[in-house]
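S.K.: Any chance you can model this:
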Amino acid sequence: PERGAPGEGAGPRRYPFRRSRFLVGTAFMLIPSLVLLCAFVVVPHVLSSQRAVLSAAQTTAPAVADDALPAVPSSVPTSVAWDRDIESGRVLDVVAGARGPVVLDEDTVRRLDPQDGSTLWSYQVRNASLVSASGASVPEPETYLVPSPDLKHLAFQVRLKRIFPEREESVSVIVLDTITGGVAVQHSMGEASPSRLQLTDSAVLIRDQVFSLADGHHLGTLTPDYRDGGMYSGSAGHSTFVAGAWRRDKESESNPVGRLDLVPDTALDSVTTLQDVALDPISDKRSYRTLTVVNGAVAVYADGGVGESGGRDASAVSIDDVGAHGDDAAERVALGRTAGLNRVASMASQRLVMYPELTEQDIDGSVSLADHSWVGSVFDPAARTVSTGVQDASMARASVGYGWQAGGSHGEEMVVRIQASDGSASLAVPISSTSTADDVSDRHDLEYGFGQLVAGSYTSHFVPRLVAVPGGLVILVDTNSEGGFYEHEYRIYGVK
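M.R.: Purely as a prediction, here's the structure:
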């Protein structure tokens with residue numbers, strides 16, 4: 001028989017299925033590696049192409065009628081109603097809401113009950129970091145929460161974090177109803193920070209875009225002139241935005257002035273310019289923020305030169321009135337002669353607080369902040385009244401500072417003192433230090449001069465921060481007296 005044929009002498013038989021089995025087995029062994037390779041190449045690409053989505057945990061509160069909303073007190077408090085530690089240990093901002101204080105810590109916005117300090121609603125961001133609306137870091141409390149003039153809404157911005165690869169990316173602006181905690185507007189800015197964040201009573205301005213607070217729909221866009229210039233974030237008018245804010249070249253070292261371009265929130269192409277807006281000269285010296293709008297009102301200088309003591313005649317005016325009727329037709333309330341606007345006292349009291357006439361030494365910081373008068377006239381925008389005398393017992397004119405009194409485990413305890421300028425009312429709030437500062441002898445160096453609120457008194461985290469809110473006054477204190485500049489343990493006190 002022939003070689004390879006069946007029978008004696010045939011060559012070795014060949015079995016093709018053995019090679020196939022080998023190939024199949026090899027393929028099966030390679031599959032896990034191929035899957036891992038595909039995952040390594042494809043999954044990061046897919047994940048990196050997905051934009052981060054804001055995640056938040058939220059609790060809300062019931063709505064209440066306007067006539068049930070508490071008023072902002074004007075007088076000096078006389079009793080402590082409550083106190084509470086801040087959960088995260090760090091506070092970024094405290095502002096007034098329509099029903100009491102709103103506190104922002106590292107990741108949560110909370111509205112507190114002014115009666116007992118309990119949380120009434122909260123909004124916690126889970127995959128984002130809070131972004132300051134101040135525009136730049138400055139050595140004073142930065143602005144994170146921007147309230148509307150009627151205090152019924154507030155806005156803040158967050159930068160979302162992408163999980164893979166881990167990095168921060170787009171910025172979103174959230175507007176909350178301060179009564180219920182509900183979300184009124186949520187708008188993504190892409191990669192850019194808005195740089196301009198303002199609220200009227202009915203709309204929000206995010207960079208150059210305007211949205212309704214009622215339903216979040218887009219209302220319009222500022223003219224191209226204001227897309228990148230004159231940025232200002234903060235309080236606006238009840239119905240008027242500050243489209244552009246510029247600091248003018250100094251006419252004198254003691255009276256810095258600003259120019260505002262105003263637009264009604266219902267007519268964004270109708271621009272009215274307000275000149276000679278009074279700024280804070282002490283804040284200006286320290287390169288702090290200087291423009292302050294309180295309940296829609298600003299201070300402006302009248303025509304006329306600077307006096308020998310550096311003061312100029314000024315008046316209060318509503319930017320809503322200017323935006324609606326023009327600068328010349330707007331009603332003005334005389335404030336007397338002043339060196340400028342006291343930003344710190346104004347923000348704390350919810351009043352327009354003016355400096356008296358000051359010397360150059362007063363402004364440049366060469367005199368002590370204590371035992372000096374830093375408050376001249378005080379304007380209440382709601383009542384449109386002006387107080388000028390030291391017999392005014394309002395919070396705007398009060399003296400504030402740390403002191404010591406008998407008591408506590410060491411025989412004496414640190415207190416925050418608040419004293420009315422006419423001596424009619426006073427309050428000492430005991431401050432219990434944390435375990436990091438048990439040795440009372442190490443805390444005597446924290447005593448700060450007792451005096452009226454003024455720029456410069458907040459350059460140290462050892463100084464209490466005061467905010468007048470509907471239903472009372474809140475005091476924010478850093479109780480970690482031995483911590484470094486960025487190590488804080490905050491406690492908030494409610495006083496009445």
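S.K.: Can you show me the helices along the stretch 201-350 of the chain?
M.R.: Using DSSP state H, counting those that start in this stretch, the helices of the stretch 201-350 of the chain run over residues 281-285, 319-325, 343-349.
S.K.: could these go into JSON lines alongside mean pLDDT and distance to V415?
M.R.: (C-beta placed from N, C-alpha, C; glycine too.) Below are the helices of the stretch 201-350 of the chain laid out as JSON lines (pLDDT from 0 to 100; distance: least, C-beta to C-beta, whole Å):
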{"stretch": "helix 281-285", "mean pLDDT": "81", "distance to V415": "27"}
{"stretch": "helix 319-325", "mean pLDDT": "96", "distance to V415": "39"}
{"stretch": "helix 343-349", "mean pLDDT": "92", "distance to V415": "19"}
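S.K.: Check whether N255 really touches G340, as I assumed.
M.R.: Yes. Using C-beta atoms under 8 Å, N255 is in contact with G340, at 6.3 Å.
S.K.: Neighbour count for these two, which is higher?
M.R.: G340 (28 against 23; other C-beta atoms under 10 Å).
S.K.: Tell me how far that one lies from V353.
M.R.: G340 is 11 Å from V353, where distance means C-beta to C-beta, to the nearest Å.
S.K.: what do you get for A334?
M.R.: Separation of A334 from V353 (C-beta to C-beta): 16 Å.
S.K.: The two - which one has more neighbours?
M.R.: Between A334 and V353, V353 has the larger neighbour count (other C-beta under 10 Å), namely 32 against 12.
S.K.: Now do the end-to-end distance for stretch 226-243.
M.R.: Start-to-end span of stretch 226-243 (C-alpha to C-alpha, to the nearest Å) is 6 Å.
S.K.: Averaged pLDDT, it. What do you get?
M.R.: The average pLDDT for stretch 226-243 rounds to 91.
S.K.: and what of stretch 391-409?
M.R.: Across stretch 391-409, the average pLDDT comes to 83.
S.K.: For that stretch, buried residues please.
M.R.: Applying a neighbour-count criterion of 16 or more other C-beta atoms under 10 Å, the buried positions in stretch 391-409 are 392-402, 404, 408.
S.K.: of the helices of the stretch 201-350 of the chain, which approaches A184 most closely?
M.R.: Counting by C-beta to C-beta, A184 lies closest to helix 319-325 out of the helices of the stretch 201-350 of the chain; the figure is 20.8 Å.
S.K.: Now do the closest one: which elements does it pack against?
M.R.: Judged by 3 or more C-beta pairs under 8 Å, 6 or more residues apart in numbering; DSSP states H and E, the packing partners of helix 319-325 are strand 240-247, strand 257-264, strand 272-278.
S.K.: Quick one: distance of it to the chain centre.
M.R.: Offset of helix 319-325 from its chain centre (C-alpha atoms, centre = their mean, to the nearest Å): 26 Å.
S.K.: likewise stretch 411-425?
M.R.: In terms of C-alpha atoms, centre = their mean, the centre of stretch 411-425 is set 28 Å apart from its chain centre.
S.K.: same thing with stretch 145-155?
M.R.: That offset, for stretch 145-155, works out to 10 Å (C-alpha atoms, centre = their mean).
S.K.: repeat for stretch 416-430
M.R.: Per C-alpha atoms, centre = their mean, the centroid offset for stretch 416-430 relative to its chain is 27 Å.
S.K.: got it, and stretch 94-110?
M.R.: Distance, centroid of stretch 94-110 to centroid of chain: 9 Å (C-alpha atoms, centre = their mean).
S.K.: Let me know the average pLDDT across that stretch.
M.R.: 95.
S.K.: Between its first and last residues, how far does that stretch reach?
M.R.: With C-alpha to C-alpha as the measure, what separates the two termini of stretch 94-110 is 10 Å.
S.K.: Now that stretch: buried residues?
M.R.: For stretch 94-110, a neighbour-count test (16+ other C-beta under 10 Å) marks 94-105, 107-110 as buried.
S.K.: how far away is D177 from V183?
M.R.: Here D177 is placed at a distance of 8 Å from V183 (C-beta to C-beta).
S.K.: what do you get for K496?
M.R.: Counting by C-beta to C-beta - K496 and V183 are separated by 31 Å.
S.K.: In contact with the closest residue to L69 other than its chain neighbours, which residues?
M.R.: With sequence-adjacent residues excluded and distances taken as C-beta to C-beta, 6 or more residues apart in numbering, L69 is closest to A98, at 5.4 Å. Contacts for A98 (C-beta atoms under 8 Å, 6 or more residues apart in numbering) come out as 69, 150-152, 178-179, 470.
S.K.: Nearest to S129 among those?
M.R.: T178 (22.2 Å).
S.K.: how near is that closest one to V146?
M.R.: 12 Å.
S.K.: out of the two, which sits in the more crowded spot?
M.R.: Taking neighbours as other C-beta under 10 Å, T178 and V146 compare with T178 leading, 29 against 24.
S.K.: pretty sure that one is in contact with G97, am I right?
M.R.: Yes. Counting by C-beta under 8 Å, T178 touches G97, with 3.4 Å between them.
S.K.: So for these two, which residues contact both of them?
M.R.: Counting by C-beta under 8 Å, 6+ apart, the shared contacts of T178 and G97 are 111, 147, 151-152, 154.
S.K.: Just the residues you listed: which are in strands?
M.R.: Taking DSSP state E, the ones among those that sit in strands are 111, 147, 154.
S.K.: Give me the distance between R491 and A339.
M.R.: As defined by C-beta to C-beta, R491 lies at a distance of 35 Å from A339.
S.K.: returning to what we had before: got any residues that touch both of N255 and G340?
M.R.: Residues touching both N255 and G340 (C-beta under 8 Å, 6+ apart): 278, 281.
S.K.: what about the stretch 1-150 of the chain, any weak spots by pLDDT?
M.R.: Residue ranges of the stretch 1-150 of the chain with pLDDT under 70: 1-30, 32-52, 87-89, 135-141.
S.K.: Tell me where it has strands.
M.R.: Along the stretch 1-150 of the chain, counting by DSSP state E, counting those that start in this stretch, strands occupy 56-59, 80-85, 91-97, 100-105, 108-112, 119-125, 128-131, 146-147.
S.K.: and those as JSON lines, adding distance to A314?
M.R.: Below are these laid out as JSON lines (distance: least, C-beta to C-beta, whole Å):
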{"stretch": "strand 56-59", "distance to A314": "44"}
{"stretch": "strand 80-85", "distance to A314": "36"}
{"stretch": "strand 91-97", "distance to A314": "25"}
{"stretch": "strand 100-105", "distance to A314": "31"}
{"stretch": "strand 108-112", "distance to A314": "35"}
{"stretch": "strand 119-125", "distance to A314": "39"}
{"stretch": "strand 128-131", "distance to A314": "34"}
{"stretch": "strand 146-147", "distance to A314": "25"}
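S.K.: Out of the ones you listed, flag the one nearest T385.
M.R.: Closest of the strands of the stretch 1-150 of the chain to T385 is strand 91-97, at 19.8 Å (criterion: C-beta to C-beta).
S.K.: what's the angle from the closest one to strand 108-112?
M.R.: Here the directions of strand 91-97 and strand 108-112 differ by 40 degrees (axes from the mean of the first three to the mean of the last three C-alpha atoms, to 10 degrees).
S.K.: Pull up the pairing partners for strand 91-97, direction included.
M.R.: Using DSSP bridges, the strands paired with strand 91-97 in its sheet are strand 100-105 (antiparallel).
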